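K.L.:
okay, structure incoming, though there's no sequence with it:
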């Protein structure tokens, strides 16, 4: 009985040490991130963006779809912070709700491409051989097609709308996610703890889900953060040419497309949506770069 008690105490001590180690590692990540000025700036922009677009109804009293032709082309002022468009709709309100659509579609495409890329990358990296060769070559062919051209072709086939736009953009992100996952799995599967799991008779799926996937979190987080900015650009581009989110649903690209004919006569309808796209992409890219530096153990002080 005394022996069992000592074993239990030793196991508890090991578990507590492992928990403390994980907390210390994530604490070090946050410290390195907050020492990175560019990463902190990007994180601040992302946080402010999320606050404004998710709490849009708290910052405006207007409806993004209500038209008021008596107040068309109002310049920015106290009543309308960014003016009104050619239908008298408040531009600030439309940008807030349009940002919600852009972020939602971008994150949907990241989730779709990430899930497929993780699955294919895990299989290719873990099993290797012909499976790895087939998956890699197929995705090499996919990567040879320009991302925007592929998104245009898929959007033309599927039609417009948020879901179809997310599907069209996600296809071009699968090869990149798969390559990151494959290289990460290749570097992990030769570690001692994976060999020990094989020696104890663990099945392949258990090894992948229990021992390999938890150690791939860092590169996946960085890749997802960087992809969001690029996806917002792609979504705006598709909406600008009429293949993405369609009016009257607000989206930054469609707002730009609707206002491009007024660029010489009424600048707010073009400048403010373009600034939103620029700041959002800038923020996510800077935040992603900061996360990459903070999560890289080779950059420890």
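P.N.:
Cool, the structure landed. What you see is a predicted model, and the numbers here were worked out from it, not measured in a lab.
K.L.:
how about low-confidence regions in the stretch 51-200 of the chain?
P.N.:
Across the stretch 51-200 of the chain, nothing is flagged by pLDDT under 70.
K.L.:
try 80
P.N.:
Within the stretch 51-200 of the chain, the segments meeting pLDDT under 80 span 193, 195, 197.
K.L.:
which stretches in it count as helices?
P.N.:
Under the criterion DSSP state H, counting those that start in this stretch, helices of the stretch 51-200 of the chain are mapped to 56-59, 91-127, 129-143, 147-158, 162-188, 192-199.
K.L.:
relative to residue 217, which of the ones you listed is closest?
P.N.:
helix 162-188 (9.8 Å; CB to CB). Glycine gets a C-beta too; all of them are placed from N, C-alpha and C.
K.L.:
just checking, what packs against that closest one?
P.N.:
Packed against helix 162-188 by the contact rule (3 or more CB pairs under 8 Å, 6 or more residues apart in numbering; DSSP states H and E) you find helix 91-127, helix 129-143, helix 147-158, helix 217-240.
K.L.:
run through the neighbouring helices and strands of the second one.
P.N.:
Applying 3+ CB pairs under 8 Å, 6+ apart, one finds that helix 129-143 contacts helix 91-127, helix 162-188.
K.L.:
still on that earlier bit, can you list the helices and strands packed on helix 162-188 in a markdown table and add mean neighbour count and distance to residue 67?
P.N.:
A markdown table is the format used below for the helices and strands packed on helix 162-188 (neighbours: other CB atoms under 10 Å; distance: least, CB to CB, whole Å):
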| stretch | mean neighbour count | distance to residue 67 |
| --- | --- | --- |
| helix 91-127 | 22 | 11 |
| helix 129-143 | 13 | 43 |
| helix 147-158 | 16 | 28 |
| helix 217-240 | 22 | 20 |
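K.L.:
burial of the closest residue to residue 101 other than its chain neighbours, as a residue count?
P.N.:
Ranked by CB to CB, 6 or more residues apart in numbering and with sequence neighbours excluded, the top spatial neighbour of residue 101 is residue 251, at 4.8 Å. Counted by other CB atoms under 10 Å, the residues lying close to residue 251 total 30.
K.L.:
look up how far residue 160 lies from residue 251.
P.N.:
Using CB to CB, to the nearest Å, we find residue 251 at a distance of 11 Å from residue 160.
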